[in-house]
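A.B. asks: Here's a sequence, model it:
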Amino acid sequence: MGLIQEKPTASFDLNKIRRGCLLWGKHSSWTEGKAGFVTAAMENQLIVQYAPRIGNVTNHFHIPVSEAAAGQWEIRWSMDLSEVHEYGINSENGMIPPEEPEHLEEEESKVDREGNCDTGGIDL
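C.D. replies: As a prediction, this is how the structure comes out:
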């Protein structure tokens, strides 16, 4: 019997998300999400920089892969906004898989009907 055991672990796919991607994230404990851009993408966490609307201040939030895999985060990201990917919480039936086409089409039509592309921030 060996001393070291190898176990499969969750990790972010760095071929799909990387530094510079635009990202909107909402933790399950937050009332609204935050929009920013990925400043560091590692297999075990993402670091996102956002403007908290206080003068010339920026801030960061971290998305650990363990929390994302556990369903605590709703995440939307894009490299150039020509295609938006999604992973996270669906209030109706729990987790949704990343890039679910039916869900994206519903969201696009919802945005078009409402004419609102707000990211959920608070305007001061």
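A.B. asks: CA only for contacts and neighbour counts going forward, please
C.D. replies: Noted.
A.B. asks: burial of residue 62, as a residue count?
C.D. replies: The number of residues packed near residue 62 is 13, by other C-alpha atoms under 10 Å.
A.B. asks: Which residue, other than its chain neighbours, is closest to it?
C.D. replies: Using C-alpha to C-alpha, 6 or more residues apart in numbering and skipping the chain neighbours, the partner closest in space to residue 62 is residue 47 (4.6 Å).
A.B. asks: mind checking how far the closest residue to residue 28 other than its chain neighbours is from residue 53?
C.D. replies: Nearest residue to residue 28, sequence neighbours excluded (C-alpha to C-alpha, 6+ apart): residue 72, at 5.1 Å. Residue 72 sits 25 Å away from residue 53, going by C-alpha to C-alpha, to the nearest Å.
A.B. asks: More neighbours: which of these two?
C.D. replies: Comparing residue 72 with residue 53 by other C-alpha under 10 Å, the one with more neighbours is residue 72, at 19 against 13.
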